[in-house]
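In: got a predicted structure plus its sequence, pasted below:
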Amino acid sequence: MVRAAIQLYTLRDVEQPLPELLEQVREVGFAGVEFAGRVTDADGDRVRETLDETGLESVAAHVDIERLEADPDETIEFYRSLGCEHLVVPWLGPDAFETVEAIEATADRLQSVAETVADHGMAFSYHNHDHEFVEVDGETAFDRLAAATTDPVEFELDCGWVTVGGVDPVSLLDRLDDRVSLVHISDADETGSPTEVGEGVLDVTGSLEAATDHGVEWAIYEHDDPDDAMASASHGAEVLGRF
């Protein structure tokens, strides 16, 4: 059984102090949060207090790879201070996956950062979108990336974007097995535009059941472009709460 968290990027346009936003996240039914920007040294103490008061768990944080490369010690310790033990690179552009050589360079880069993070006692994952599933010399770029990396590189599999990329997330979870540390539950319509979970192309039930079968602890709800962010969060908590 997976536990439900929310990627705070979903709520980036909600004009509310982060501690108050975290309280609302708990009220709608999420057990954990995944950070993405917004939290700073200035409000770190209050955020930590709010996490303690609400019982929300700090599941992971999305951190740009450039920040991890430029200042790994301070970056890692900042997120550790928020109770976070898992850092995720949320994006590398399409050019990082266009050729075999580019994929190999990307793999080396992620491997290096992952080892630095692991040396600090934290887990590390890469979060996909859809462009990683372009075919490069007969294989998807994602499959090449997975083959070119080893522990401690793990994957935060965004099941919605996997589907948009033309791949079945259930089958991919089966192939990756214990290399998937977290799953994102997002959804999109047939044009690839984000939509509410359950209204698009994603096999929500199959993805969550597969995540459970493979021992993934957290399913993280995300909507890249919600019309009403808090209503979307509430919907996401309801959907994930069924599992």
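Out: Perfect, I can see it now.

In: and the lengthiest helix in the chain, what's its mean pLDDT?
Out: For the chain, the helix reaching the highest residue count under DSSP state H is reported as helix 100-119. Along helix 100-119, the predicted confidence averages to a pLDDT of 98.

In: and the helix or strand that that helix is followed by, what does it pack against?
Out: Scanning the chain past helix 100-119 towards its C-terminal end, the next helix or strand to appear is strand 123-127 (assignment: DSSP states H and E). Based on contacts counted as 3 or more CB pairs under 8 Å, 6 or more residues apart in numbering; DSSP states H and E, the elements that strand 123-127 packs against are strand 86-89, helix 100-119, strand 153-158, strand 180-185. Placement of C-beta: from N, CA and C, glycine included.

In: in its sheet, what does the next helix or strand after strand 123-127 sit against?
Out: Next along the chain after strand 123-127, taking DSSP H and E as the criterion, comes strand 135-136. Neighbouring strands of strand 135-136 in its sheet, by DSSP bridges, are strand 139-140 (antiparallel).

In: so how far is the strand it pairs with off the chain centroid?
Out: Computed by CA atoms, centre = their mean, to the nearest Å, the separation of strand 139-140 from the middle of its chain amounts to 22 Å.

In: got it, and stretch 18-33?
Out: Its chain's C-alpha centre and that of stretch 18-33 lie 17 Å apart, by CA atoms, centre = their mean.

In: one more: stretch 138-154?
Out: Going by CA atoms, centre = their mean, the spacing between the C-alpha centre of stretch 138-154 and its chain's C-alpha centre is 17 Å.

In: 555 is where my numbering starts, stick with that
Out: Sounds good: first residue 555 from here, last item stretch 692-708.

In: between the two ends of it, what distance do you get?
Out: 23 Å (CA to CA, to the nearest Å).
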